[in-house]
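Asks: Sharing a model that was predicted from the sequence below.
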Amino acid sequence: MFGDNAFDSSVDCVVCKAQEMKKCRPEERVPHRPHHDLCVENKVTLGQGQISNQQRDINNQQKCLQKLCSTPLGENKKASGKFATREAADAFFSPQQSEKRELVSPSATMATQEKREDINFRHAVSILTFGPSFQEKHKNKGAPLAILAHATVARKHVVSLKESGTISKHFDGITMTVPAAQDGSVSPCCESTAGQKLLLVDLIKV
């Protein structure tokens, strides 16, 4: 394939070559040395050439698996009903009890809604922008990474929520303006998007 001659153990392996010649000339001396690395008679490489320690460990593991799979099971290891007790069957087939849901008061619902509405967009956007997985996912996108992160946060915490008034709180019609940092934190990547506008192209929600 690469312009070289194919390996021939009877020619290229010194040990195999000497063994072949000894058949015709009994006085021929066979050297006491390992077979060539590419020779199948080599007990270590098995004809695979120079192998790494990792490949050698894999070969040893394959030998162990072959030995394990070729050995028949003993009588004490064959399938039995030792653990198939009546108690185990009842525990497995017994109906699962559904979890009881606690009733949430209207005040707690309003507090949760206010907490969701007061989300710190800049903090959430900063975490996404500098996240390796988010950068890898959007590395071929044309929009700035911070804009994509802000759109992701807006979709998750504003658009996807079913509470009434959530969209109108953050959107002016179909437009949402990227806010500036309110907690005094400064992130150059995020601050460069302050004042930019996102459009919500969903007339049903709007």
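Replies: Perfect, thanks for sending it.
Asks: Which secondary structure element of the chain has the lowest mean pLDDT?
Replies: Ranking every helix and strand in the chain by mean pLDDT, DSSP states H and E puts helix 106-117 at the bottom, with a mean of 48.
Asks: all strands of the chain, in order?
Replies: For the chain, the strands defined by DSSP state E cover 175-177, 197-199.
Asks: Minimum distance to residue 134: which of these has it?
Replies: strand 197-199 (17.2 Å; Cβ to Cβ). From N, CA and C alone the C-beta is placed, and that goes for glycine too.
Asks: Tell me how many other residues crowd residue 11.
Replies: 11 (other Cβ atoms under 10 Å).
Asks: Next one: it from residue 23, what distance?
Replies: 15 Å (Cβ to Cβ, to the nearest Å).
Asks: same thing with residue 193?
Replies: Taking Cβ to Cβ, one finds residue 193 at 83 Å from residue 23.
Asks: In terms of neighbours, single out the busier of these two.
Replies: The neighbour count for residue 193 versus residue 23, taken as other Cβ under 10 Å, is higher for residue 193 (23 against 8).
Asks: Not counting sequence-adjacent ones, nearest residue to the more buried one?
Replies: residue 146 (4.6 Å; Cβ to Cβ, 6 or more residues apart in numbering).
Asks: could you pull out the helices for this protein?
Replies: Counting by DSSP state H, the chain has helices at residues 9-12, 14-24, 53-70, 86-93, 106-117, 121-129, 132-137, 145-154, 166-170, 188-191.
Asks: Now the strands of the chain in TSV, please, with extra columns for distance to residue 167.
Replies: Formatted as TSV, the strands of the chain follow (distance: least, Cβ to Cβ, whole Å):
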stretch	distance to residue 167
strand 175-177	9
strand 197-199	12
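Asks: I'd like to know which of those is closest to residue 152.
Replies: strand 197-199 (10.8 Å).
Asks: what about the residue nearest to residue 193, how many neighbours?
Replies: That count, for residue 146 with other Cβ under 10 Å as the rule, works out to 24.
Asks: Can you check the pLDDT for the most centrally placed residue in the chain?
Replies: Nearest to the mean C-alpha position of the chain, by Cα atoms, centre = their mean, lies residue 133 at 11.4 Å. Per-residue confidence (pLDDT) for residue 133: 84.
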